[in-house]
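A.B. asks: generate a structure from the sequence data that follows.
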Amino acid sequence: MKRTNLGEFEEIVLLIVAILDGDAYGATINHELERHTGRKVTFGTVHNTLIRLEEKGCLTSKLGGATTERGGRRKRIFVVTALGSRAINDIQQLRNELWQMVPPHFLKLT
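C.D. replies: Sure, this is the predicted structure:
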């Protein structure tokens, strides 16, 4: 089976969407990215990454209900697809295999 290739930022965004599990929309994703990585990222960067992940089939989205706090605008909620879930698992497996091959002297803290 062909592996879905993701960049580091795409991988992190995909993981954040999985963590948010049904409550992943632009603002929450941006907040969690900053909280977990310390990165300050513009909304446009996050939005473009979400669209790219959706085009790759790793995410799907739907419009949520309108809220008064958003002036009646609806949120676009993102959810990880089966392909996205496989990509997350494949990436984790690959990283674990590579970490096992790193010589121990590289892992020692000095």
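A.B. asks: which parts of whichever strand or helix holds Gly44 are buried?
C.D. replies: According to DSSP states H and E, Gly44 maps onto helix 43-55. Buried residues in helix 43-55, counted by 16 or more other CB atoms under 10 Å: Val46, Thr49, Leu50, Arg52, Leu53, Glu54. Placement of C-beta: from N, CA and C, glycine included.
A.B. asks: between those residues, which sits nearest Ala66?
C.D. replies: Nearest to Ala66 among the buried residues of helix 43-55: Leu50, at 20.0 Å, using CB to CB.
A.B. asks: per-residue pLDDT, the closest one?
C.D. replies: pLDDT, Leu50: 97.
A.B. asks: check Arg3 too.
C.D. replies: 66.
A.B. asks: now do Arg35
C.D. replies: According to the prediction, Arg35 has pLDDT 95.
A.B. asks: that one: neighbour count?
C.D. replies: 10 (other CB atoms under 10 Å).
A.B. asks: just the element for it, please.
C.D. replies: helix 26-37.
A.B. asks: cool, Gly64 as well?
C.D. replies: Judged by DSSP H and E, Gly64 forms part of strand 59-66.
A.B. asks: okay, the angle between the helix holding Arg35 and helix 43-55?
C.D. replies: Helix 26-37 runs at 100 degrees relative to helix 43-55, counting by axes from the mean of the first three to the mean of the last three CA atoms, to 10 degrees.
A.B. asks: tell me the contacts of the closest residue to Asp23 other than its chain neighbours?
C.D. replies: Leaving out its chain neighbours, the residue that sits closest to Asp23 by CB to CB, 6 or more residues apart in numbering is Ile77, at 7.5 Å. By CB atoms under 8 Å, 6 or more residues apart in numbering, the contact set of Ile77 is Gly22, Asp23, Ala24, Tyr25, Ser61, Lys62, Leu63, Gly64.
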